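In: Please find the sequence and the predicted model below.
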Amino acid sequence: MTDSSQTSLHVRQACDGDSQSLVWVVERFTPALQLQASFRVGRGLRGFYTAEDLVQDVWATALPKLGRVDLTGDGDTDRLMAHLGRTLLNLYRNLLEKRRRRSVHPELAWSDLSQALSASTSGAITRAMRGERGRILAQALDELSESDREVIVMRAIEQVPLPVVAAHLGVRPNAVSARLRRAIAHLRSRLPGTVFEDVTVS
């Protein structure tokens with residue numbers, strides 16, 4: 001079984017409510033969400049909300065609805081990554097709006113949402129972001145340039161169309177693809193056992 005088909009199997013089983021697969025999926029996908037959250041929080045919420053809070057909020061929001069994610073056909077991993085990426089982006093935009101109105105209290109957010117998660121799932125999120133694994137993740141992300149982070153977040157995680165990413169960055173599409181391949185190869189070598197092994201690079 002390839003890594004991609006193993007991920008697909010666990011994603012489907014997690015969507016069907018299998019608790020072991022759910023923990024496996026959380027641990028595998030959290031590094032990508034951590035990269036996206038670090039990138040987004042650094043852009044508009046620094047000092048106001050942490051990337052870790054945002055990742056926890058994504059899981060608390062997404063997991064109760066996991067069984068409703070459309071995983072028909074091929075590309076389960078990419079579909080779930082896109083779903084999680086959109087969930088994070090929507091939460092981020094909501095936080096920006098609340099910050100603009102100065103009505104959010106970040107210290108309350110995780111305690112309010114944590115009831116949606118089982119102890120094993122909450123533990124999997126913590127393991128993926130803290131301890132030795134969290135240190136390796138943070139170091140691997142720090143080794144990426146800002147432009148590489150942006151390409152991974154927009155193209156691989158949020159799955160923005162290639163021409164749109166290229167126009168946003170002011171480069172040609174083939175330059176975006178080359179940058180994405182290089183950055184994903186770096187993360188695959190530094191973060192084995194994560195969803196970066198399965199990310200479609202185009």
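Out: Done, it's in.
In: CA only for contacts and neighbour counts going forward, please
Out: Noted.
In: so is the spatially most central residue of the chain in a helix, a strand, or just coil?
Out: Nearest to the geometric centre of the chain sits residue 33, at 2.0 Å (Cα atoms, centre = their mean). Counting by DSSP: H, G, I helix; E, B strand; the rest coil, the backbone at residue 33 sits in helix.
In: ok, now residue 49?
Out: coil.
In: so what's the backbone phi/psi at it?
Out: Here is the backbone geometry of residue 49 (degrees, to the nearest 10): phi -150, psi 140.
In: Under the pLDDT cut-off, which ranges of the protein? List them.
Out: 1-4, 43-44, 71-74, 102-124, 126-131 (pLDDT under 70).
In: Okay, helices next: where are they in it?
Out: 3-15, 19-44, 51-62, 76-101, 106-113, 119-129, 131-142, 146-151, 162-169, 173-190 (DSSP state H).
In: Let's have the ones you listed in JSON lines, adding distance to residue 198.
Out: Shown next, in JSON lines, are these (distance: least, Cα to Cα, whole Å):
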{"stretch": "helix 3-15", "distance to residue 198": "5"}
{"stretch": "helix 19-44", "distance to residue 198": "10"}
{"stretch": "helix 51-62", "distance to residue 198": "20"}
{"stretch": "helix 76-101", "distance to residue 198": "7"}
{"stretch": "helix 106-113", "distance to residue 198": "29"}
{"stretch": "helix 119-129", "distance to residue 198": "17"}
{"stretch": "helix 131-142", "distance to residue 198": "17"}
{"stretch": "helix 146-151", "distance to residue 198": "16"}
{"stretch": "helix 162-169", "distance to residue 198": "18"}
{"stretch": "helix 173-190", "distance to residue 198": "9"}
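In: returning to what we had before: wait, the residue nearest to the centre of the chain touches residue 55, no?
Out: Yes: counting by Cα atoms under 8 Å, residue 33 touches residue 55, with 6.1 Å between them.
In: Overlap in contacts, those two.
Out: Shared contacts of residue 33 and residue 55 (Cα atoms under 8 Å, 6 or more residues apart in numbering): residue 88.
In: what separates residue 68 from residue 15, distance-wise?
Out: 8 Å (Cα to Cα, to the nearest Å).
In: out of the two, which sits in the more crowded spot?
Out: Set residue 68 next to residue 15 and count neighbours by other Cα atoms under 10 Å: residue 15 wins out with 22 against 11.
In: what's the burial count for the residue nearest to that one when sequence neighbours are not counted?
Out: Closest residue in space to residue 15, ignoring its immediate chain neighbours: residue 67 at 4.3 Å, by Cα to Cα, 6 or more residues apart in numbering. Using other Cα under 10 Å as the criterion, residue 67 is surrounded by 16 other residues.
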